[in-house]
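In: Pasted the sequence and its predicted model underneath.
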There are 2 protein chains.
Amino acid sequence: MFWLLFSIFLLACFAAGATGGLFPPGPWYRDLNKPSWTPPDWLFPVAWTILYVCMSVAGARAALSPDNALAMALWSLQIALNGLWTPVFFGLKRIKLGMFVLAGLWLSVAATIYALFQVDLIAGLLFSPYLVWVTVAGALNLSVWRLNPDEANKRAQAAT
Amino acid sequence: MFWLLFSIFLLACFAAGATGGLFPPGPWYRDLNKPSWTPPDWLFPVAWTILYVCMSVAGARAALSPDNALAMALWSLQIALNGLWTPVFFGLKRIKLGMFVLAGLWLSVAATIYALFQVDLIAGLLFSPYLVWVTVAGALNLSVWRLNPDEANKRAQAAT
């Protein structure tokens, strides 16, 4: 049962992560001003693959534990927000809106970790690197906003 | 606790559903050949709003039930696939790939209904209209593919 659950959660992760392949960082992203500490492009799929495996193990462990209601609801919320950021940022090129999605993702991941620790210690630990990575992604999104104010405003106005 | 869980699942639904507002059907979709039974544009947000409420009640009920592991894992999978279709179809205008996403969504929704019925009769019933609607959406996606072969092939080739 564990491996079936793990596979289902992993499929959910890859459905969210597929947006990374479908809306890749193109010339628009390359030409943006970015902070000196921007991670190289190749690191993103590597980090996400490791995180997705950890998230899926955590999900399967929590699913098999009693009193998992809050953890399971929040697992669903974070994966829905996870899949939303890439189409917003790389698809629509909306830097500000991407920041709001990431803020929501950060909060939902933090809440999921809290709920997982109530259910299963290992699940909570496995989810924690995810929050570190979303923090890095959020800092990067914020820096890109600050360093490219015209681009951030242009897209926000074009959308209204 | 029920209402907190309901709210979290509803937020997950609206995160997935936000793609409908962010990637709206524009001139490209209007100009496609569509079958005579195509639902009017206004019906889509109405149907999805009702379905999202039903899905969230079902999610909260199942989360509070024992032995919910499979139902919860599948709830997460279907919401991740739900949020993927709109960016693929309306964002990337990839009709064939949209059909594959919808096929995956259909299978995951059918599996979720099966799992929910094992856990809670009402949750299973509340999820069932969703499968009907995804069947309609899938038939529409397939018809659009058949009725616009050049457009479907063009986008598939451009992406490779």
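Out: Done, it's in.
In: Counting by contacts, list what the helix ranked longest in chain A packs against.
Out: With DSSP state H applied, the helix covering the greatest number of residues in chain A is identified as helix A:121-147. Contact here means 3 or more Cβ pairs under 8 Å, 6 or more residues apart in numbering or on different chains; DSSP states H and E; on that basis helix A:121-147 packs against helix A:43-63, helix A:95-119. Just so you know, the C-beta spots here come from the backbone N, C-alpha and C atoms, and that holds for glycine as well.
In: Quick one: closest of these to B:F127.
Out: helix A:43-63 (17.6 Å; Cβ to Cβ).
In: residues making contact with the closest one?
Out: With contact meaning Cβ atoms under 8 Å, 6 or more residues apart in numbering or on different chains, helix A:43-63 is reached by A:2-3, A:5-7, A:9-10, A:12-14, A:17, A:20, A:39, A:68, A:71-72, A:75, A:116, A:119-120, A:122-124, A:126-127, A:129-130, A:133, B:68-70, B:72-73, B:76.
In: Need the CA coordinates for the helix or strand following it. CSV is fine.
Out: Once helix A:43-63 ends, the next helix or strand along the chain (criterion: DSSP states H and E) is helix A:69-86. Backbone C-alpha positions of helix A:69-86 (Å, rounded to 0.1, in the frame of the first residue of the first chain) are rendered in CSV as follows:
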residue,chain,number,x,y,z
ALA,A,69,-7.0,15.2,8.1
LEU,A,70,-5.2,18.5,8.3
ALA,A,71,-2.0,17.2,6.9
MET,A,72,-3.8,15.6,3.9
ALA,A,73,-5.9,18.7,3.2
LEU,A,74,-2.8,20.9,3.3
TRP,A,75,-0.8,18.5,1.1
SER,A,76,-3.5,19.0,-1.6
LEU,A,77,-3.4,22.7,-1.2
GLN,A,78,0.4,23.0,-1.6
ILE,A,79,0.5,20.8,-4.7
ALA,A,80,-2.2,22.9,-6.4
LEU,A,81,-0.3,26.1,-5.6
ASN,A,82,3.0,24.5,-6.6
GLY,A,83,1.6,23.8,-10.1
LEU,A,84,0.3,27.4,-10.4
TRP,A,85,3.5,29.4,-10.1
THR,A,86,5.3,28.3,-13.3
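In: buried sites along the longest helix of chain A?
Out: A:123-124, A:126-127, A:130-131, A:133-134, A:137-138, A:140-145 (16 or more other Cβ atoms under 10 Å in any protein chain shown).
In: ChimeraX command for the buried members of the contacts of helix A:43-63?
Out: In ChimeraX syntax, the buried subset of the contacts of helix A:43-63 is picked out as below (16+ other Cβ under 10 Å):
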select /A:5,6,9,10,12,13,14,17,20,68,71,72,75,116,119,120,123,124,126,127,130,133 /B:68,69,70,72,73,76
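In: okay if I get the helices and strands packed on helix A:121-147 as a markdown table plus mean pLDDT?
Out: Supplementary listing: these in a markdown table, determined by pLDDT from 0 to 100:
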| stretch | mean pLDDT |
| --- | --- |
| helix A:43-63 | 96 |
| helix A:95-119 | 97 |
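In: Alongside chain B, which residues does chain A contribute?
Out: A:1, A:4-5, A:8-9, A:11-13, A:15-16, A:18-19, A:22-23, A:59-60, A:63-64, A:66, A:68-70, A:72-77, A:79-84, A:87-88, A:91-92, A:104 (Cβ under 8 Å from any Cβ of the partner chain).
In: And the helices and strands packed on helix A:121-147: which comes nearest B:D31?
Out: Comparing these by their distance to B:D31 (Cβ to Cβ), the top pick is helix A:95-119, with 27.4 Å.
In: Output the below-cut-off pLDDT ranges for chain A.
Out: Within chain A, the stretches falling below the threshold (pLDDT under 70) are A:155-160.
In: Neighbours of A:F117, how many?
Out: As a burial measure, the neighbour count of A:F117 was computed by other Cβ atoms under 10 Å in any protein chain shown and equals 16.
In: Just give the closest residue to it, not the sequence neighbours.
Out: With Cβ to Cβ, 6 or more residues apart in numbering or on different chains as the measure, A:G124 is the residue that lies nearest to A:F117, at 3.5 Å, once sequence neighbours are left out.
In: can you check A:G83 too?
Out: In space, not counting the residues next to it along the chain, A:G83 is nearest to A:A16; the distance is 3.4 Å by Cβ to Cβ, 6+ apart.
In: Turn the helices and strands packed on helix A:121-147 into CSV, including distance to B:G98.
Out: Rendered in CSV, the data for these read as follows (distance: least, Cβ to Cβ, whole Å):
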stretch, distance to B:G98
helix A:43-63, 23
helix A:95-119, 22
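In: Out of the ones you listed, flag the one nearest A:N33.
Out: In terms of Cβ to Cβ, the element of those nearest to A:N33 is helix A:95-119, at 11.3 Å.
In: by contact count, what packs against the closest one?
Out: Where contact means 3+ Cβ pairs under 8 Å, 6+ apart, helix A:95-119 is packed against helix A:43-63, helix A:69-86, helix A:121-147, helix A:149-159.
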